[in-house]
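S.K.: need a 3D model of the sequence below.
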Amino acid sequence: MRAIEQRFQFRSSWRKQRGVAAVEFALVALIFFLVFFGVVEVARAMYVCNTLQEVTRRAASLAATTDFSSATAMQTVREQAIFRASPGFLVFAEPIADGNVKIDYMWIQRNGASMTMLPIPSGSLPASPAENYTNCLNDPYSQSCIRLVRARVCQADDGQSCTPVTYRTMVSLIPLPFSLPPSTTIVNAETLGRPAGVPPDTCGC
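M.R.: From the prediction side, this is the model:
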């Protein structure tokens, strides 16, 4: 009888220890996964911030040699800027997509010795790269002369402003509420799609 009681007490004690071990494991596992995913998210956030600068660099460089009057060509520029050949998200950087790549064409306003870079509204852009070439020959400081190309990463369809894109974590348990930098890149306008050295009257742009 005593042996049975001892066996019962042993089994009861073992079950209690197993339950305590399960609770301890759950607590340790929770802390471990929070730390693990926290490190992953911080590393991913750093990757996204660093990659956005390369995205704007690629976008500005491509846009400076692409016909801005072609919607298809400009869409291709945005896709290539995020390392894609079709619409979609930047790898490991959702919600950044091709629609977040904002490209502005700018003119230089001269006021005495001071010069200011200003964006040209989309409705006031020259009709073609050839027309822009002619405009710049006539007056390089006119609003109809594209001198610079600016690329930024903004919220899609926010007009002339550039609202920062909010970072989105892969795991909702790890909140990182911050806005991604616009990562602005400005380059000189080059051919804008017009063959180099070809006068505007013989250009097929």
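
S.K.: in this structure residue 173 contacts residue 37, no?
M.R.: Yes: using Cβ atoms under 8 Å, residue 173 is in contact with residue 37, at 7.0 Å. For glycine as for every other residue, the C-beta is placed from the backbone atoms N, C-alpha and C.

S.K.: which of the two has more neighbours?
M.R.: For the pair residue 173 and residue 37, the greater number of neighbours falls to residue 37 (16 against 11), based on other Cβ atoms under 10 Å.

S.K.: wait, what's in contact with the more buried one?
M.R.: 170, 171, 173, 174 (Cβ atoms under 8 Å, 6 or more residues apart in numbering).

S.K.: how about a cut-off of 7 Å?
M.R.: 171, 174 (Cβ atoms under 7 Å, 6 or more residues apart in numbering).

S.K.: quick one, strands of this protein?
M.R.: For the chain, strands defined by DSSP state E occupy the ranges 101-111, 114-119, 148-153, 185-188.

S.K.: so which of these is nearest residue 44?
M.R.: Ranking those by proximity to residue 44 (Cβ to Cβ) places strand 148-153 first, at 16.1 Å.

S.K.: average model confidence for the closest one?
M.R.: Across strand 148-153, pLDDT averages out at 96.

S.K.: what is that strand packed up against?
M.R.: Of the remaining helices and strands, those touching strand 148-153 by 3 or more Cβ pairs under 7 Å, 6 or more residues apart in numbering; DSSP states H and E are helix 2-63, strand 101-111, strand 185-188.

S.K.: how far out from the middle of the chain is it?
M.R.: Taking the mean of its C-alpha atoms, strand 148-153 sits 12 Å from the chain's own mean (Cα atoms, centre = their mean, to the nearest Å).

S.K.: with stretch 130-150 instead?
M.R.: Distance, centroid of stretch 130-150 to centroid of chain: 28 Å (Cα atoms, centre = their mean).

S.K.: pLDDT weak spots in the chain?
M.R.: 1-23, 158-159, 196-205 (pLDDT under 70).

S.K.: one more time with 90
M.R.: 1-42, 92, 94, 112-113, 122-123, 156-162, 168-178, 181-182, 194-205 (pLDDT under 90).

S.K.: contacts only, for residue 155.
M.R.: Each residue near residue 155 by Cβ under 7 Å, 6+ apart is listed here: 100, 163, 165.
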